[in-house]
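structure here, sequence nowhere to be found:
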């Protein structure tokens, strides 16, 4: 199934920019052709192209399927962008394929990267959602300092994975698809003591993701796969 991304308003689907150019220039779509699209909010639309313009394609909505590719849990991951951005992009792609609700890029004391190109990362999330046949595109939140992030209201279970000594829950066993969950993953140098303490004071529970020392993006994937494996 070839999926496109667009907006739907009053039974009219609007496909623009790169999506429209790909449909017309590469796939040679024309008026009367069927086309399927997602709007990133959960629905799949079966449409028929009615008009082709220079920078957009208009289509008539014939049928809507709600909860397309539904993910039966809410998992949010706060994670430090890696120094090698390719590894962070790989995480976003694979996490989306398995199923994730949103990503919070965070800055910590030991962060190796302090900037991201949000537009590029959002394209990766969209591409992975289409490739894995999901109607919902994960939300990419703005990059923010960890101290600000932990004050973000969240209703559900909150966890922080770190390598410091102390009693921890095993997230591979604790992951519960029936409860909205937020997991924090630190940088290669881990969270520092102050950050761990701040997280504890705001309700984050310490977890382990296994006995091996993992790279940031690997730890993120292990957290996602722990939830994914429960459904």
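Everything's here; your move. As the structure is a computational prediction, the values presented were derived from the model and not from experiment. Numbers count the residues shown, from 1 in each chain.

quick one: distance of the helix-or-strand element of the chain with minimal mean pLDDT to the chain centre.
Taking mean pLDDT, DSSP states H and E as the measure, the helices and strands of the chain show their lowest mean at helix 17-21, namely a mean of 89. Put simply, helix 17-21 sits 22 Å off its chain's centre (C-alpha atoms, centre = their mean, to the nearest Å).

need the contact partners of the helix or strand following it.
Once helix 17-21 ends, the next helix or strand along the chain (criterion: DSSP states H and E) is strand 34-38. Outside of strand 34-38, the residues within contact range by C-beta atoms under 8 Å, 6 or more residues apart in numbering are 1-6, 8, 13, 15, 23, 29, 44-49, 57, 59, 68, 129-130, 134-137. (Glycine included, C-beta is placed from N, CA and C.)

in three-state terms, label residue 87 for me.
helix (DSSP: H, G, I helix; E, B strand; the rest coil).

which parts of stretch 100-118 are buried?
Under the neighbour-count criterion of 16 or more other C-beta atoms under 10 Å, stretch 100-118 has 100-109, 111, 113, 116 buried.

now, the most widely separated pair of these?
Considering C-beta to C-beta, no two members of the buried residues of stretch 100-118 lie farther apart than 101 and 109, which are separated by 26.8 Å.

what mean pLDDT does stretch 93-107 have?
pLDDT averaged over stretch 93-107 equals 98, rounded to a whole number.

repeat that for stretch 172-192.
Per-residue pLDDT values across stretch 172-192 average out to 96.

roughly how far apart are residue 137 and residue 143?
18 Å (C-beta to C-beta, to the nearest Å).

I should have written residue 174 there, sorry.
Residue 174 sits at a distance of 28 Å from residue 143 (criterion: C-beta to C-beta).

outline the domain layout of the chain.
3-65, 75-228 (automatic domain parsing).

among these, which gets the worst mean confidence?
The minimum mean pLDDT among the domains of the chain belongs to domain 3-65 (a mean of 93).

now do the same end-to-end measure for it.
In terms of C-alpha to C-alpha, to the nearest Å, the two terminal residues of domain 3-65 are separated by 13 Å.

just confirm residue 81 is within a helix.
No - the assignment for residue 81, made by three-state DSSP, is coil rather than a helix.

wait, doesn't it sit right on residue 108?
No - under the criterion of C-beta atoms under 8 Å, residue 81 makes no contact with residue 108, lying 10.6 Å away.

can you pull the contacts of residue 107?
Each residue near residue 107 by C-beta under 8 Å, 6+ apart is listed here: 80, 114, 143, 144, 145, 146.

ok, the spatially most central residue of the chain - contacts?
With distances taken as C-alpha atoms, centre = their mean, residue 138 lies nearest the centre of the chain, 3.6 Å away. Residues touching residue 138, when contacts are defined by C-beta under 8 Å, 6+ apart, comprise 92, 95, 96, 100, 101, 102, 103, 125, 129.

is the fifth one in contact with residue 70, as I believe?
No - taking contact to mean C-beta under 8 Å, the distance of 11.8 Å between residue 101 and residue 70 leaves them out of contact.

strands of the chain, residue ranges please.
3-5, 7-9, 12-16, 34-38, 44-52, 56-65, 75-79, 102-107, 139-140, 144-145, 157-161, 169-170, 181-185, 205-208 (DSSP state E).

residue 224 is nearest to which of the ones you listed?
Proximity of the strands of the chain to residue 224 was assessed by C-beta to C-beta; the nearest stretch is strand 75-79, lying at 6.5 Å.
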